[in-house]
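Asker: Structure here, sequence nowhere to be found:
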């Protein structure tokens, strides 16, 4: 994880670019269960959100991805109402790329915890993630995964999506 300095142009303030495994979202045509992914993070700076980027390690079938941003309560593991959302169409050739979700301007507070969730109803996409193994857990937040059968999902401190948060 890397923390960057404040600027008037959009710049990454939080970046976790490690990628040594894959978390799948969407569903296979033979499986009606939708799989979701998300990431919580403590914002290391104050500013106006411009975008969130994710790394796609694989695209089995293209389609529309929906990203929603929420305030996140770490004690109760409660996702607050959506602060903004963005949709993006991915294609089969969007593998090994950073994809950018432009979001409406939302002021993020330094030290506050937020989270974003991803879902798709018509695609199957592998998101890059990092697994720390026996090393120290990620300290900036938790990866989340759930599905249409278990929407509460699970939180992991030894996994993180490969993501960037850019503020102005």
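Answerer: In hand now; what should we look at? Note that the coordinates shown come from a computational prediction; the quantities given were computed from them, not determined experimentally.
Asker: Run through this protein and note the low-pLDDT ranges.
Answerer: 1-7 (pLDDT under 70).
Asker: distance of the residue located most distally from the centre of it from residue 123?
Answerer: Within the chain, residue 30 marks the point farthest from the mean C-alpha position, 25.8 Å out by CA atoms, centre = their mean. To residue 123, residue 30 is 15 Å away according to CB to CB, to the nearest Å. Heads up, the C-betas are built off the backbone N, CA and C, glycines and all.
Asker: which strand is the longest one in the chain?
Answerer: The single longest strand within the chain, with elements called by DSSP state E, is strand 47-61.
Asker: which SSE is the residue lying closest to residue 88 once chain neighbours are set aside in?
Answerer: Spatial nearest neighbour of residue 88, chain neighbours left out: residue 65 (5.1 Å); criterion: CB to CB, 6 or more residues apart in numbering. Assessed by DSSP states H and E, residue 65 sits inside strand 63-73.
Asker: Please apply the same query to residue 12.
Answerer: With DSSP H and E as criterion, residue 12 is part of strand 11-16.
Asker: ok, that strand: who's next to it in the sheet?
Answerer: strand 2-3 (antiparallel), strand 163-167 (antiparallel) (DSSP bridges).
Asker: Among the ones you listed, show me which one is buried the most.
Answerer: Each of the strands paired with strand 11-16 was assessed for mean neighbour count using mean count of other CB atoms under 10 Å. The highest is strand 163-167, with a mean of 23.
Asker: State the distance from the nearest residue to residue 157 once chain neighbours are set aside to residue 131.
Answerer: Nearest in space to residue 157, with sequence neighbours left out and distances taken as CB to CB, 6+ apart, is residue 137 at 3.7 Å. Using CB to CB, residue 137 is found at 11 Å from residue 131.
Asker: One more: residue 153?
Answerer: Taking CB to CB, one finds residue 153 at 17 Å from residue 131.
Asker: same question, residue 67
Answerer: 22 Å.
Asker: neighbour count winner among those two?
Answerer: residue 67 (23 against 15; other CB atoms under 10 Å).
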